[in-house]
Structures are given as structure tokens and as C-alpha cells.
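**Q** Quick one, what's the 3D model for this:
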Amino acid sequence: MATPAPDLTVTVPKAAWRRGVPALARFAKEFAQAAHDAAVKDGAAALTGETVIAFAGNDAVQDLNATFRGQNKPTNVLSFPSPGHHGGDVILALETVRDEAAAQGKTLADHTAHLIVHGILHLMGYDHLVRGDARRMERLERRVLGTFGIADPYA
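**A** Residues are numbered from 1 along each chain as shown. The predicted structure follows:
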């Protein structure tokens with residue numbers, strides 16, 4: 001049985017995302033819910049506040065990365081948890097995600113799915129700074145993506 005769905009909002013400030021991933025809002029919600037369910041089953045607390053997934057471009061993500069992480073460059077995904085892991089924001093950068101997918105021989109949709117799952121897990125308290133934590137997070141990512149027939153993103 002699925003856990004209650006988080007209060008999820010999808011925004012698309014970079015319209016080109018819609019051309020790259022069909023039915024983007026439904027797609028994002030499906031993968032966010034699957035990540036949420038897997039994390040709750042793994043023992044994480046459910047997200048109880050508003051969660052926003054934003055599909056932006058490199059410029060917006062670079063600005064956020066510089067402001068909040070001190071790194072003046074774009075990155076594929078940023079996660080900003082609300083206090084107490086009640087929700088938060090996940091922001092993806094189209095150009096970086098598209099370039100990584102091409103370089104790794106993946107579809108844009110599959111790579112986007114992975115980064116949505118990755119971002120939601122960060123909101124729920126998972127991290128990959130320590131080896132054991134990274135293995136746990138990657139195991140959940142593989143499990144969620146595998147249920148959709150998406151290959152191991154770390155292979």
C-alpha cells in the first residue's frame with residue numbers, strides 16, 4: 001500500500017523541459033511518490049509539508065548554487081529540505097541534465113527520473129557524503145528505478 005502522497009507541486013519555468021520529457025508533471029509526481037514510498041518503507045519520516053519540483057535551466061540553478069552552496073556553476077539537481085524534512089524544493093537544470101544523459105548514453109527521461117528520485121531522497125534526510133550513507137541511498141535509487149524498468153544509474 002502506498003504511503004499518503006506528499007503535497008507535491010511541479011513547476012516548469014524552462015518550457016523546453018516539456019519537449020524533452022512527455023507528460024512532465026505526471027512523470028515527476030510518479031517518480032517522487034515512488035521515492036517517497038521507498039524511503040518511508042526504509043524507515044524515513046514521510047514528507048508532510050509542501051514539496052516543489054522545479055524544472056529550470058542552467059542559469060537559474062547556477063544562481064541558486066552560487067547563493068546557497070558557494071559554487072558558481074550549474075549542477076544537475078539541487079535539493080533544499082524544509083526544516084525537519086517536512087518538504088522542500090528539488091530543482092533540476094535542463095542543459096546539465098540533457099548533457100549528462102547524452103554523455104552517459106541514457107535517455108533524458110531516465111536521467112530525469114533518477115535525479116527526481118535522488119532529490120526527493122535528499123529531502124527525506126538521505127545523503128551520500130559518507131560511504132555507508134551513499135550505499136544506502138544508491139540502493140534505494142536502484143530499487144525505485146528498477147520498478148520502472150530503468151537501468152542502474154551507477155553501472
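**Q** contacts, neighbours, all on C-alpha from now
**A** OK.
**Q** low-scoring stretches of this structure, by residue?
**A** 1-3, 85 (pLDDT under 70).
**Q** Provide the secondary structure category for the most centrally placed residue in the chain.
**A** Central residue of the chain (CA atoms, centre = their mean): Ile116, 2.2 Å from the mean position. Classification of Ile116 using DSSP: H, G, I helix; E, B strand; the rest coil returns helix.
**Q** From Asn65, how far off is Met137?
**A** Note on Met137: its distance to Asn65, by CA to CA, to the nearest Å, is 22 Å.
**Q** right, I mislabeled it, should have said Leu145
**A** Distance from Leu145 to Asn65, by CA to CA: 26 Å.
**Q** The chain: strands as residue ranges?
**A** 7-11, 50-56, 77-81, 88-93 (DSSP state E).
**Q** Tell me which of those sits most buried.
**A** strand 88-93 (a mean of 24; mean count of other CA atoms under 10 Å).
**Q** Quick check: neighbours of that one in the sheet, parallel or antiparallel?
**A** Counting by DSSP bridges, the strands paired with strand 88-93 are strand 50-56 (parallel), strand 77-81 (antiparallel).
**Q** could you dump those to a markdown table with distance to Asp7?
**A** Output for the strands paired with strand 88-93, formatted as a markdown table (distance: least, CA to CA, whole Å):
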| stretch | distance to Asp7 |
| --- | --- |
| strand 50-56 | 5 |
| strand 77-81 | 14 |
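**Q** I'd like to know which of the ones you listed is closest to Met124.
**A** Taking CA to CA, strand 77-81 is the member of the strands paired with strand 88-93 nearest to Met124, at 7.7 Å.
**Q** List the contacts of the closest one.
**A** By CA atoms under 8 Å, 6 or more residues apart in numbering, the surrounding residues in contact with strand 77-81 are 61, 65, 87-93, 115, 119-120, 122-124.
**Q** export it as CSV, just CAs?
**A** Only the C-alpha atoms of strand 77-81 are listed here, as CSV (Å, rounded to 0.1, in the frame of the first residue of the first chain):
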residue,chain,number,x,y,z
VAL,A,77,19.9,18.9,-9.3
LEU,A,78,19.7,20.9,-6.1
SER,A,79,17.6,19.9,-3.1
PHE,A,80,16.5,22.3,-0.3
PRO,A,81,14.8,20.5,2.6
